[in-house]
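>>> Could you work out the structure for the sequence below:
(chains A, B, C and D)
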Amino acid sequence: MAGFNKVVNSYEEALAGLTDNMTIIAGGFGLCGIPEGSIAHIKKMGVSGLTVVSNNCGVDGFGLGVLLEDKQIKKMVSSYVGENALFEKQLLAGELEVELTPQGTLAEKMRAGGAGIPAFYTATGYGTPVAEGKETREFDGRGYILEESVTGDFAIVKAWKADTFGNCIYRDTAMNFNPMAATAGKITIVEVEEIVEPGAIAPSEIHTQGIFVDRVIQGTFEKRIERRVTRD
Amino acid sequence: MAGFNKVVNSYEEALAGLTDNMTIIAGGFGLCGIPEGSIAHIKKMGVSGLTVVSNNCGVDGFGLGVLLEDKQIKKMVSSYVGENALFEKQLLAGELEVELTPQGTLAEKMRAGGAGIPAFYTATGYGTPVAEGKETREFDGRGYILEESVTGDFAIVKAWKADTFGNCIYRDTAMNFNPMAATAGKITIVEVEEIVEPGAIAPSEIHTQGIFVDRVIQGTFEKRIERRVTRD
Amino acid sequence: MALSRDQIAMRVAQEFKDGDYVNLGIGIPTLAANYVPEDIEVMLQSENGLLGMGPYPTEAEIDADMINAGKETVTAITGASIFNSADSFAMIRGGHVDVTVLGAFEVDVNGNIASWMIPGKLVKGMGGAMDLVAGAKNIIVTMTHANKKGESKLLAECTLPLTGVNCITRIITDLAVLEVSDGAFHLKERAPGVSIEEIQQKTAGKLIVDGDIPEMSF
Amino acid sequence: MALSRDQIAMRVAQEFKDGDYVNLGIGIPTLAANYVPEDIEVMLQSENGLLGMGPYPTEAEIDADMINAGKETVTAITGASIFNSADSFAMIRGGHVDVTVLGAFEVDVNGNIASWMIPGKLVKGMGGAMDLVAGAKNIIVTMTHANKKGESKLLAECTLPLTGVNCITRIITDLAVLEVSDGAFHLKERAPGVSIEEIQQKTAGKLIVDGDIPEMSF
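Predicted structure coming up:
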């Protein structure tokens, strides 16, 4: 009887079932709150042809950027992909496909995917290149475009703490896209700084409920800072 | 300089601007987590022709049910309106219009209204009377219906605690529809059991951010229980 | 003999698998929580915003802020989570709830269900039922095989307004366990002492009886 | 004389009203936070999920988990809230943010804005800019009036791919404050010492100069 204990002991186990050409939804904003261990293990696995849905694609040598090194990513769905020379090179060489998606639309597409909403209307991007090929429609005299939701074969998520049931909380702005990503994976993996017992997180303070989570793993995190700015 | 202090000292002030024929979004599930003080004051104000969007319509003599006594409600948008004899009477007499809406669709309509999403597709209600007059469409071979969002002139919300900036937390299942209602009002009023100072609620534990809230008022609550069941 | 309400609930509980997230409707479905096999764990979701619903409270534990979707006072288990209605239906509509058990007035051979409205009587509303039948991975209907007049509730085509279409795959009645597929009811088990003939007689929609039909075991 | 970056930011800050929720883009807009008038309070929203953004941290306060939308380390004020990206853009798209200030490559007389892509150069992405211009109640564009070649950035029609349509109502440049309505730029204020003729010369789109145009005051 496994019951609701979602804890796995290795990234092999956490990412079991991930194969070439799958879609991965990843949490994180820039290098903040990214699933470092899952990314490192995906690089080690060497799976390729991946579609990765994530607000950013890391930087050269860190974050999702490391999956570019062996050309594991076929397509990125992101709102912002700057700060990455290898990315630029592969894009210009036609080795990488990019679907630029406004940040709020991306967050909503993930949420909708997890919530069984196949599509929604938004004013974001109306009249811009983002609207190309999409249906448009007026509500109360204003133009909107139809955006479809996204789901992934896997979602890789970074939380602060999870209990063994998979109930998670995030720390400060390392929350960002992680809660939406967690809902949108057929298999959702959460790597955390600390695994706690059920009941250790107050029921109403849980950010991601265990029902969305399949596997929990204790991680270790470098937490690299992209832009260290102080007022000193 | 008022800054971000949202606290008002009377329900007169809290509901200032509410007039006949307006739409009110109300939080609560059954009699749990309902904005008792706002409802009582709306009865006292005597405004009529109201459209009320709320999962339920209270019971005879309590909750939103009291607004039926003087026929203040023209139309209810709800998922469940049982347990109310006066409601039944007015409905059968043609004095009250009812738009029955599936519970999940209702929650999503409020959320979408607050989030600037004018409409979304859902499988809920496809092929049923709920789909009548609505657009349908297939995604991946499954049928969905188009549902439009709702917003209100006012939203009346019950929270556990709010700080003076309007940041709120809810207690246990008294949360229910309240967070969505809070986002969907042009003017959102939150009545609470306790007003606290900014900083008293940890930033990541806030359920409703102050940006959605216009007026906070200290309430008093009877918290009537609809179905008292024990295992004793 | 036809099963009692508690016996139907016992049979329903046999459908649960270890680790299932389960939403139970009002009535017989709720009773199923009392009969979860001892060697498995399930977690109950209540659509008003509670995952990990526990037993009814003691008198001392009663809390007006802690209720279930039937508006009854309840408790939460250790490790429960509480969330808003939009998130609750994201779980349901998004297919994260493994099993939903609910009652019905009628079910037909195409997996359609009618459970929320009888025209001419007052309509109380569908609550979360339409979302549940649209969203859960596995939907089990529990009901008596026939109504009080002896008329079958398993039909060729539902006559009442629908709750959902093509969504019911399994039915557990006081007489039988049936699967719904390919435009027919498939008899899988019969209640102890109930004959295939009685089930055939009380099933208005196409019934397929293939091979030996075992009695339910408890 | 043309305003410095800090002077533009000072003028932008005069647009804020007490109690405004404000989202500031990268660059000059961010500087505006330094010049909020002392008799009002505004609260800064950062679209990665922070409402109540504070100053940059001290060396001792630096925390990798606390960044702003520009990926810079920041702090949170007392009474701040932190939330996920979907909720953050619910605030933005839903019209709950009062003022958005952002830079642009071009703005035209119909309130269209181009700010995210120059074809032929690498596209870094629009980030949250398209959501911000679609959602905020009041959108202020800050930019130099002309580019480095002296070409106007206030056009009859944007030439670059758009960020949003019919959304810009107010522009604050190094030379002037302008409103956009009825298919024209309306000159409201000019930078100290800048002539109406210079502004006319550097404004390619239709410019309406109605009555006396005061100099900005700081």
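
>>> just checking, residue C:68 touches residue C:51?
No - with contact defined as C-beta atoms under 8 Å, residue C:68 and residue C:51 do not form a contacting pair (11.6 Å). In short, each C-beta sits where N, CA and C put it, glycine included.

>>> Show the contacting residues for residue 210.
Assuming you mean chain A. Contacts for residue A:210 (C-beta atoms under 8 Å, 6 or more residues apart in numbering or on different chains) come out as A:4, A:6, A:163, A:165, A:166, A:167, A:168, C:51, C:79, C:81.

>>> ah, I was thinking of chain C
C:186, C:187.

>>> Could you tell me how many residues sit around residue C:105?
Number of residues near residue C:105 (other C-beta atoms under 10 Å in any protein chain shown) recorded here: 18.

>>> correction: residue C:14
By other C-beta under 10 Å, the burial measure for residue C:14, its neighbour count, is 16.

>>> Closest one to chain D out of the contacts of residue A:210, please.
Of all those, chain D sits closest to residue A:168, with 11.6 Å by C-beta to the nearest C-beta.

>>> how about the residues of chain A that lie near chain C?
For chain A, the residues found near chain C under the criterion C-beta under 8 Å from any C-beta of the partner chain are A:1-4, A:111, A:113-117, A:163-165, A:167, A:183, A:198-199, A:203-204, A:206, A:209-212.

>>> I'd like to know which of those residues are part of strands.
Mapping the residues of chain A next to chain C onto strands (DSSP state E) picks out residue A:163.

>>> quick one: contacts for residue C:186?
Contacts for residue C:186 (C-beta under 8 Å, 6+ apart) come out as C:178, C:179, C:180, C:207, C:208, C:210.

>>> list the contacts for the fifth one?
For residue C:208, the residues meeting the contact criterion (C-beta under 8 Å, 6+ apart) are C:184, C:185, C:186, C:187.

>>> Tell me the most packed of the residues you listed, by neighbour count.
In terms of neighbour count, residue C:185 stands highest of those at 26 neighbours, by other C-beta under 10 Å.

>>> For it, list each beta-bridge partner.
In this entry, residue C:185 is beta-bridged to residue C:180, residue C:207, by DSSP bridges.

>>> thought it was touching residue C:200?
No - contact criterion C-beta under 8 Å: residue C:185 and residue C:200 do not qualify, at 10.2 Å.

>>> got any residues that touch both of the two?
What both residue C:185 and residue C:200 touch, as defined by C-beta under 8 Å, 6+ apart, is the set residue C:207.

>>> Nearest the geometric middle of chain A, what residue?
In chain A, the centroid-proximal residue (C-alpha atoms, centre = their mean) is residue A:26; its distance is 1.8 Å.

>>> can you give me the helices in chain C?
Taking DSSP state H, the helices of chain C run over residues C:5-13, C:28-31, C:85-93, C:129-135, C:196-201.

>>> So which elements touch the last one?
Applying 3 or more C-beta pairs under 8 Å, 6 or more residues apart in numbering or on different chains; DSSP states H and E, one finds that helix C:196-201 makes contact with strand C:184-190.

>>> for residue A:76, phi and psi?
phi -110, psi 140 (degrees, to the nearest 10).

>>> still on that earlier bit, what is the most widely separated pair among the contacts of residue C:186?
Farthest pair in those (C-beta to C-beta) is C:180 and C:210. Separation: 14.1 Å.
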